[in-house]
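# A structural model of the following input is requested.
(chains A and B)
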Number of protein chains: 2
Amino acid sequence: MQDLFKKAWERIKDSNHIVLASHINPDGDALGSSLSLYPILKEMGKKVTIFNATKPLPMYLDFLPNFDKVTDKLPKNYDLLVSFDSGSFDRLGIEEKPPFLINIDHHISNTKYGDINIIDSKAASTSQVVYNMLKANNVQIPASSAICIYTALVTDTGSFQYESVNDKVFEMAADLVRCGVKPDFVAKMLFQRDRLSRLRLLAKAYETIELTCDGKVAFVEVTKEMMEITGAIKDDTDTIVNSVRAIASVEVACMLREDDDGIKISLRSKNYADVSKVAIKYGGGGHVRAAGATIKDEFDFKKVKEMLKEDLCKIVKEGE
Amino acid sequence: MQDLFKKAWERIKDSNHIVLASHINPDGDALGSSLSLYPILKEMGKKVTIFNATKPLPMYLDFLPNFDKVTDKLPKNYDLLVSFDSGSFDRLGIEEKPPFLINIDHHISNTKYGDINIIDSKAASTSQVVYNMLKANNVQIPASSAICIYTALVTDTGSFQYESVNDKVFEMAADLVRCGVKPDFVAKMLFQRDRLSRLRLLAKAYETIELTCDGKVAFVEVTKEMMEITGAIKDDTDTIVNSVRAIASVEVACMLREDDDGIKISLRSKNYADVSKVAIKYGGGGHVRAAGATIKDEFDFKKVKEMLKEDLCKIVKEGE
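Here you go, the predicted model:
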């Protein structure tokens, strides 16, 4: 890894116009990682474009330094593209192949589409890979970079709660604080700017929670009517399935959301069930603990639940 | 502080039967801190009693090693009591003065009721004070102690989100992981054993959210009827006021709960308003950011809200 870090940094030093790109529908790790290099490369005298194909960007990340510089227009002439947190090239939303591509990621499923691929599947966040690259090259981390690396880490570990959190993660967090990060500021920006519409939607959705398979499988519904009454947006549905999984007895939680094209199902498991199997069966995909699919042209919640109940009870029993 | 740490440890070494005590209605820091010393003192050959006057203990902490050894009976003969996280002596629920008392805490309001007082108001948790004491005396920390120290830290910092979180806190967390703590296990025990009754209560309560003072003050109601319908217990109301404070525009959140003796009000502020002023006005107390009171023999939510609205808008304006 140290060799790769050095090779990548040499390439960055030799480039003039660098594009920092992250995957569509970016999360905190994608945007945070790409933004973290901006002040450093500017300080080095580079021309830098921060690219993301998504519009609008998630506003809860608007406190990240240089968030306002993210653009969905790729420049005509540039000599290096660095991609962050993107498992495949097509998730970048870029048509033409870049002149040179450094691919930085922590997803084990990464397709290694770069000219240089720095994939560390043990890293808690892509920003940790970026941090390790900077350290390997003795690069000073300014506060404006550190806050991006830290925010990416917090969002990708659920505030230091996931399996990926180890002593190296906490040591990095300590170092980032010394670089100028205020953990309480980041937490306030991420978690203390909630929407009333979201709480109102939770109120409606939680009323529909249904447990089955000895309490190990839980369903929760979000209808269009709920969204309309509460004024909620799609982002407001994000955490519902996680909250339902958090019920003590629950191993698998399933949210059903009424969309224009059918019922979207979001699946989460806690300890052992492989929900990706069920998602794939219905034409979707994802990971062992988080997956999803859309059941097209189907709007009957009861019917879909009946169908899924069997599948979900099965993966729970298989995993036990 | 180093001198105090050494003096306290000498006293512990010289004692035979040691009582580890924490405040009534213990939180994660109180119980975690007191439990953390148990395996170490037992290894030293001491007789140890873990005391807490509360019954029943909060079950969400039942995964802490030696949780089952906590008793509400104080032994007849003992030579040292160590208190943890208790701001005053009377909060320990102990009648008679102990033969010798070491008072370990991080509350600035601590009344220094001990024979030795180790109060570090800059510490993120009382368990951090315990950790520093162990380090100052070169005491090896076994995994069964480390998990208690870590859990106390996580609960008292809201998962590394409060102002008290700095580089020392993260360094301690890194060290505790090296001592054997699995952060994801602790997080699962604390946050993934939720109750359906609680989510059902949130559903009812969130329906009542009301914003006033340009959205800066929020009210939320919990009635006895809601508790009965959902099967919720009083603990289930714990996080409601925090969730409401998390709304972007809100500076002060107020939960009104219908109790047997009147309406209990729980107050939280986000950045600048001093809610303790209002709590004190109604015969209660607390801190700048978290306070409460019970308005005795009053059961009219509308009337109480009307009354509080004025007080809360005033402290918001004063703080601005």
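# longest helix anywhere in chain A?
Using DSSP state H to define each element, chain A has its longest helix at helix A:301-319.
# if I look at the nearest residue to A:G292 once chain neighbours are set aside, how far off is chain B?
Nearest non-adjacent residue to A:G292, counting by C-beta to C-beta, 6 or more residues apart in numbering or on different chains: A:S266, 4.7 Å away. Quick note: C-beta positions are derived from backbone N, CA and C, even for glycine. As judged by C-beta to the nearest C-beta, to the nearest Å, A:S266 and chain B stand 17 Å apart.
# what do you get for A:V165?
4 Å.
# returning to what we had before: beta partners of the residue nearest to A:G292?
For A:S266, the beta-bridge partners under DSSP bridges are A:M255, A:G292.
# Which residues lie in contact with it in this structure?
A:V241, A:C254, A:M255, A:R257, A:A290, A:G292 (C-beta atoms under 8 Å, 6 or more residues apart in numbering or on different chains).
# which one of those has the most neighbours?
A:C254 (28 neighbours; other C-beta atoms under 10 Å in any protein chain shown).
# List the buried residues in the helix or strand containing A:E225.
Using DSSP states H and E, A:E225 sits in helix A:224-230. Using 16 or more other C-beta atoms under 10 Å in any protein chain shown as the test for burial, helix A:224-230 gives A:M226, A:M227, A:T230.
# Let me see the contact set for the first one.
If you count contacts by C-beta under 8 Å, 6+ apart, A:M226 has them with A:L201, A:K204, A:A205, A:A232.
# 10 Å instead?
A:M226 sits next to A:200-205, A:207-208, A:232, A:236-237, A:257-258 when contact means C-beta atoms under 10 Å, 6 or more residues apart in numbering or on different chains.
# what about it, distance to chain B?
Computed as C-beta to the nearest C-beta, the A:M226 to chain B distance reads 12 Å.
# Same check on A:V177?
Using C-beta to the nearest C-beta, A:V177 is found at 4 Å from chain B.
# again, but for A:C148
A:C148 is 17 Å from chain B, where distance means C-beta to the nearest C-beta.
# Tell me how many other residues crowd A:S243.
A:S243: 20 neighbours (other C-beta under 10 Å).
# so how many other residues sit close to A:V186?
26.
# A:Y60 is in contact with that one, correct?
No: using C-beta atoms under 10 Å, A:V186 is not in contact with A:Y60; the gap is 11.4 Å.
# between the two, what contacts are shared?
A:G28, A:T155.
# mind listing the helices for the stretch 51-200 of chain A?
Applying DSSP state H, counting those that start in this stretch to the stretch 51-200 of chain A gives helices spanning A:126-136, A:143-156, A:167-178, A:183-191, A:196-206.
# Strands of chain A, residue ranges please.
A:17-22, A:47-51, A:70-71, A:80-84, A:101-105, A:116-119, A:210-212, A:217-222, A:252-259, A:262-269, A:285-286, A:290-296 (DSSP state E).
# Rebuild the contacts of A:S266 as TSV, extending it with pLDDT.
Rendered in TSV, the data for the contacts of A:S266 read as follows (pLDDT from 0 to 100):
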residue	pLDDT
A:V241	96
A:C254	98
A:M255	98
A:R257	97
A:A290	89
A:G292	92
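# Max pairwise distance over those residues: which two?
Using C-beta to C-beta, the contacts of A:S266 reach their maximum pairwise distance at A:R257 and A:A290, which is 15.0 Å.
# re the thing from before, from B:P26, how far off is the residue nearest to A:G292?
Remark: distance between A:S266 and B:P26 (C-beta to C-beta, to the nearest Å) = 37 Å.
# Domain-wise, how is chain A divided?
What the record gives for chain A is the domain set A:2-191, A:196-319, from automatic domain parsing.
# Now the longest one: average pLDDT?
Per-residue confidence for domain A:2-191 averages out to 97 on the pLDDT scale.
# End to end on it, go ahead and measure it.
Domain A:2-191 has an end-to-end distance of 35 Å (C-alpha to C-alpha, to the nearest Å).
# for that domain, the distance to its chain's centre please.
Relative to the centre of its chain, domain A:2-191 is centred 12 Å away, using C-alpha atoms, centre = their mean, to the nearest Å.
# And the last one, by the same measure?
Its chain's C-alpha centre and that of domain A:196-319 lie 19 Å apart, by C-alpha atoms, centre = their mean.
# give me the residue from the stretch 1-150 of chain A nearest chain B.
Distances between the stretch 1-150 of chain A and chain B by C-beta to the nearest C-beta are smallest at A:Y60, namely 9.7 Å.
# hey, what's A:V70 bridged with?
Applying DSSP bridges to A:V70 gives these bridge partners: A:I50.
# My guess is it contacts A:V19. True?
No: checked against C-beta under 10 Å, the pair A:V70 and A:V19 is beyond contact range at 11.4 Å.
# shared neighbours, these two?
Shared contacts of A:V70 and A:V19, defined by C-beta under 10 Å, 6+ apart, comprise A:S34, A:T49, A:I50, A:F51.
# Identify the residues contacting the last one.
Under the criterion of C-beta under 10 Å, 6+ apart, the contact partners of A:F51 comprise A:19-22, A:34, A:70-75, A:78, A:81, A:83, A:92-94.
# redo that, cut-off 8 Å
A:V19, A:L20, A:A21, A:S22, A:S34, A:V70, A:T71, A:D72, A:K73, A:L74, A:I94.
# burial measure for the third one, as a count.
Right, A:A21. 25.
# Can you tell me how far it is from B:D72?
60 Å.
# Kindly report the same for A:N138.
According to C-beta to C-beta, A:N138 stands 57 Å off from B:D72.
# The two: who's more crowded?
Each of A:N138 and B:D72 has its neighbours counted (other C-beta under 10 Å); B:D72 has more, 13 against 7.
# Surely the more buried one and B:A53 touch.
Yes: if you go by C-beta atoms under 8 Å, B:D72 and B:A53 touch, sitting 5.4 Å apart.
# picking that back up, would JSON lines of the buried residues of helix A:224-230 with pLDDT and distance to B:G285 be doable?
Formatted as JSON lines, the buried residues of helix A:224-230 follow (pLDDT from 0 to 100; distance: C-beta to C-beta, whole Å):
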{"residue": "A:M226", "pLDDT": "97", "distance to B:G285": "40"}
{"residue": "A:M227", "pLDDT": "96", "distance to B:G285": "42"}
{"residue": "A:T230", "pLDDT": "96", "distance to B:G285": "36"}
